[in-house]
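Peer 1: fold the stuff below for me.
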Amino acid sequence: MSVKPWVVDDDLWAVVEPVLPPGPERSHGPRPVSDRLCLQGVLFVLYTGITWQQLPLKLGFGSGQTCWRRLDAGVFDQLHRILLSELNAAGELDWSRACVDASHVRAKKRGSAMGPSPVDRRKTGSKHHLICDGNGTPLKVITTAGNVNDITQTLALVDAVPPVAGRVGHPRKRPDALLGDKGYDSQAVRRALRHRGILPVISRRGHPDIHGLGKLRYVVEQTFALLHQFKRLATRWERRLDLHNALVSLGCTIICWRRLKKATA
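Peer 2: Predicted coordinates:
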């Protein structure tokens, strides 16, 4: 019988448990659901895309309200950094280059960081801006309104990459080169990247694409495919940006965890 993907095994829980903040103090009434089961409830919603109200009580995760109240973007950001450090220590991060791209997601409700999508008949949506390493490991995702230009988030993505430990010396956060398509063509961005010690490898508008760039950049499309396999991220339901970002960080954490398990198997 195959293991359900939302089940938190002992190895993953050993990483997660020390990072979780303490729960509310015990009060009179039914025994509260454990943090581990709450996390499994959040993962169940992340994988299946169901609403919080539809979370089946018979699975023992508690109510949807119990689970989403434990969503904390800071906690999952910290987990993401920890797993990036573990991957770096295992030699699984490729700092020779990083790739940037963006992808639209349909939004079903109104809220912050939403706007008319230029690629979806101006329907309300958001956009995920992603930077990944040369192997396609997600380093950072920024969520904006669907009508925000990709190029405006280039430097924000580069600067938002967390310092990644795991190797001798100072933690690393800068790739050697940044790869992007013509949507990121800007002299100002190129100058800013060079100032940060990063070589810009970005195709220019009106010129043929850089030869071989597509073969190096395919990893970012692959990472988007992995990220949007989580149905709750492929369509945005959360009005609050912090809740959506928490789910995005959790999705990045799970991708990194899978790669770490594969590398250390």
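Peer 1: wait, a strand at residue 105?
Peer 2: Yes. Counting by DSSP: H, G, I helix; E, B strand; the rest coil, residue 105 is part of a strand.
Peer 1: any idea of the pLDDT on it?
Peer 2: For residue 105, the pLDDT comes out at 92.
Peer 1: likewise residue 6?
Peer 2: 87.
Peer 1: please parse this structure into its domains.
Peer 2: Split into domains by automatic domain parsing, the chain comes to 10-22+30-68, 94-240.
Peer 1: among those, which is the most enclosed?
Peer 2: Most buried of the domains of the chain by mean neighbour count (mean count of other Cβ atoms under 10 Å) is domain 94-240; its value is a mean of 17. The C-beta positions use only the backbone N, C-alpha and C, and glycine is treated the same way.
Peer 1: can you redo the domains of the chain as JSON lines with distance to residue 76?
Peer 2: Formatted as JSON lines, the domains of the chain follow (distance: least, Cβ to Cβ, whole Å):
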{"stretch": "domain 10-22+30-68", "distance to residue 76": "9"}
{"stretch": "domain 94-240", "distance to residue 76": "11"}
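Peer 1: the ones you listed: lowest mean pLDDT?
Peer 2: For those, where the average pLDDT is lowest is domain 10-22+30-68, sitting at a mean of 84.
Peer 1: what about that one, how long is it end to end?
Peer 2: With Cα to Cα, to the nearest Å applied, domain 10-22+30-68 spans 22 Å between its terminal residues.
Peer 1: run the chain-centre distance for that domain.
Peer 2: The chain centroid and the centroid of domain 10-22+30-68 are separated by 19 Å under Cα atoms, centre = their mean, to the nearest Å.
Peer 1: okay, helices next: where are they in the stretch 1-150 of the chain?
Peer 2: Along the stretch 1-150 of the chain, the segments classed as helices by DSSP state H, counting those that start in this stretch run 10-16, 35-48, 64-68, 73-89.
Peer 1: got the contact list for the second one?
Peer 2: The contact list for helix 35-48, computed with Cβ atoms under 8 Å, 6 or more residues apart in numbering, reads 5-8, 13, 16-17, 20, 23, 33, 50-52, 55, 59-62, 64, 66-68, 70-71, 230-233, 247, 250-251, 254.
Peer 1: before we move on, what about the first one?
Peer 2: Defining contact as Cβ under 8 Å, 6+ apart, one finds that helix 10-16 is touched by 8, 36, 39, 79, 82, 83, 257, 261.
Peer 1: I'd say residue 257 and residue 83 touch.
Peer 2: Yes. Counting by Cβ atoms under 8 Å, residue 257 touches residue 83, with 5.8 Å between them.
Peer 1: these two: which has the busier surroundings?
Peer 2: The residue with more neighbours, out of residue 257 and residue 83, is residue 83; 23 against 20, by other Cβ atoms under 10 Å.
Peer 1: hmm, residue 254 and the more buried one touching each other?
Peer 2: No. Applying Cβ under 8 Å as the test, residue 83 and residue 254 come out as separate, 9.3 Å apart.
Peer 1: bridge partners for the residue nearest to residue 156 when sequence neighbours are not counted, pull those for me.
Peer 2: Of all residues not flanking residue 156 in the chain, residue 142 sits nearest, at 6.0 Å (Cβ to Cβ, 6 or more residues apart in numbering). Residue 142 forms beta bridges with residue 129, as assigned by DSSP bridges.
Peer 1: mind listing residues that contact stretch 196-214?
Peer 2: 97, 158, 174-182, 184-185, 189-190, 193-194.
Peer 1: let's see 10 Å
Peer 2: Residues from elsewhere that reach stretch 196-214, judged by Cβ atoms under 10 Å, 6 or more residues apart in numbering: 97-100, 151, 154-155, 158-159, 173-187, 189-194, 216-217, 221.
Peer 1: check the gap between the spatially closest residue to residue 123 that is not a sequence neighbour and residue 49 for me.
Peer 2: Of all residues not flanking residue 123 in the chain, residue 117 sits nearest, at 5.7 Å (Cβ to Cβ, 6+ apart). Applying Cβ to Cβ, to the nearest Å, the value for residue 117 to residue 49 is 19 Å.
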